[in-house]
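S.K.: Got a sequence here, can you model it:
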Amino acid sequence: MDDLEYSNEALEAKGLFYNKEITVYVEGKDDPIFWGNLFSLAEINAHIEDVGGKSELEKYIDKIVDEGADFYVAQDNDNSDFLDDPIRHKNIINTYGYSIENSMYFNSLPFEKTISNFCRKKLNFDIDFNIWVSEFSQDVYDLIVYDIANNKFKKGISIFGDNCYRFLKTQNSHKICSTKIRAFIDSIKPNFSDAEINQVKEMMNQSEKDLWFMIKGHFITHALVNLIKNAIKKEIGSPKSLTPDYLYSITVDCTENWENRIDIKSIVDRLLEIKNIA
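M.R.: Residues are numbered from 1 along each chain as shown. The predicted model follows:
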């Protein structure tokens, strides 16, 4: 990327050019607004810029770790907690869950508002949503196990993929098909030893994180869109169009009631450490 032609000093100073306190680089176009909201909670005036992909962001991380560059990187966790040698650095901030979507999708309020608006009446979607989150997380438990094992033991197999479409009961369903999951697990199981899988399960059992925060964020999107569309259809009798872009627009702000959400508060606490240092 062109930015890497600049010196570390130039990359560090970008924030100053925009009259910001610090400079933060993020992976892609979905990230600046999410991270901007969290930096605002910590009252840090940050210039946040996406670099065009994960492989590009890794170059910025290398500059921080290997060259002592004094800018910041904010990135998805990608379940790095379970890896043997995760990169930890004061200038690198990770999401609490697998990715930003895990936090974006965890609050039922924007979905409740959306469904109520479509149906033109106030509805309580909270209970149904919480049940779905729990069931969905349990239904993909084996995928989580094998995804972590795949990354931890460097197997090179795509587990979650880009979305959950192939594992849903039907094209329009929001529920996972256990038969499809089992068939997939059976197809990849020979690549893993029992010891590897048992080690990952033990690590997961010791983790304080809910399973929801161990699922690849983009994997959830299609099922959640279907859940909302089906809830609307149930109430008004006809389907409504709802795109992933719309889902992003109603969920990217995670600031409401953030003090009572460990996924958001833990990041804000981390950002406050940066503020105190700066």
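
S.K.: show me what contacts the nearest residue to Ser178 once chain neighbours are set aside?
M.R.: Closest residue in space to Ser178, ignoring its immediate chain neighbours: Asp139 at 6.7 Å, by Cβ to Cβ, 6 or more residues apart in numbering. (C-beta placed from N, C-alpha, C; glycine too.) Listed by Cβ atoms under 8 Å, 6 or more residues apart in numbering, the contact set of Asp139 reads Lys175, Ile176, Ser178, Ile181.

S.K.: What segments of the chain are helices?
M.R.: Ranges of helices within the chain are 8-12, 14-17, 31-41, 54-67, 100-104, 109-119, 126-139, 141-152, 178-188, 194-206, 217-236, 244-251, 262-277, based on DSSP state H.

S.K.: Which strands and helices lie in contact with the fifth one?
M.R.: Translated: helix 100-104. helix 31-41, helix 217-236, helix 262-277 (3 or more Cβ pairs under 8 Å, 6 or more residues apart in numbering; DSSP states H and E).

S.K.: go again using 10 Å as the cut-off
M.R.: Judged by 3 or more Cβ pairs under 10 Å, 6 or more residues apart in numbering; DSSP states H and E, helix 100-104 is in contact with helix 31-41, helix 217-236, helix 244-251, helix 262-277.

S.K.: tell me the mean pLDDT for that helix?
M.R.: Mean per-residue pLDDT for helix 100-104: 98.

S.K.: tell me how far that helix is from the chain's mean position?
M.R.: Relative to the chain's own centre, helix 100-104 is displaced by 4 Å; criterion: Cα atoms, centre = their mean, to the nearest Å.

S.K.: swap in the last one?
M.R.: Distance, stretch centre to chain centre, for helix 262-277: 17 Å (Cα atoms, centre = their mean).

S.K.: Can you tell me how far Asp147 is from Val26?
M.R.: Here Asp147 is placed at a distance of 23 Å from Val26 (Cβ to Cβ, to the nearest Å).

S.K.: again, but for Asn102
M.R.: Where Val26 is concerned, Asn102 sits at a distance of 16 Å (Cβ to Cβ).

S.K.: Out of the helices and strands packed on helix 100-104, the one nearest Glu49 is which?
M.R.: The closest of those to Glu49 is helix 31-41. By Cβ to Cβ, the value is 7.1 Å.

S.K.: If you count contacts, what does that closest one end up packed against?
M.R.: Going by 3+ Cβ pairs under 10 Å, 6+ apart, helix 31-41 lies up against strand 22-26, strand 46-50, strand 72-75, strand 92-94, helix 100-104, helix 244-251, helix 262-277.
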